[in-house]
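Enquirer: quick one: sequence plus predicted model below, questions after.
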Amino acid sequence: LIANNPRPIIFPMSNPTNKAECSAEDAYKWTNNQCIFASGSPFPRMKVKLDDEKEEVEIVPAQGNNAYIFPGVALGIIASRSTRIPDDMFLLAANVLSTMVTDKMLARGTVFPPVREIRNVSFEIATRIAA
């Protein structure tokens, strides 16, 4: 996989976990721990050796899910009493979400904040949608 791209993006989206196209462990193994990974199902924490680390570090494989976008959009629509939902609202939500991903997260191969931050993500999205 890394012969064509030094940081391949791997998004196995099938649910449940046992039906996923590949596991997080496989994705990292197949790419020498260089992939950017998000899945439709949760995968367990794992230890990997990243280029900038001397020892293995624990990572939580990202779960890409519409739960990152829709609650915040809905709350923003309700708060603003919007009667229309243009595509731009979803583009704004995606932009807000992207600003919540740090360089450290990207270095560890994830493109989503941790699920434990989902309420903060929803709040930030709702605040921007309602503005």
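Expert: The structure has been received and is ready for your questions.
Enquirer: residue nearest the centroid of the protein?
Expert: Central residue of the chain (C-alpha atoms, centre = their mean): Phe112, 2.4 Å from the mean position.
Enquirer: where's the residue nearest to that residue when sequence neighbours are not counted relative to Ala79, distance?
Expert: Excluding the flanking residues, the one nearest Phe112 by C-beta to C-beta, 6 or more residues apart in numbering is Ala62, at 4.5 Å. The C-beta positions use only the backbone N, C-alpha and C, and glycine is treated the same way. Distance, Ala62 to Ala79, by C-beta to C-beta, to the nearest Å: 28 Å.
Enquirer: the two - which one has more neighbours?
Expert: Ala62 (24 against 13; other C-beta atoms under 10 Å).
Enquirer: the more buried one and Leu106 touch, don't they?
Expert: No. Ala62 lies out of contact with Leu106 (C-beta atoms under 8 Å); the separation is 10.6 Å.
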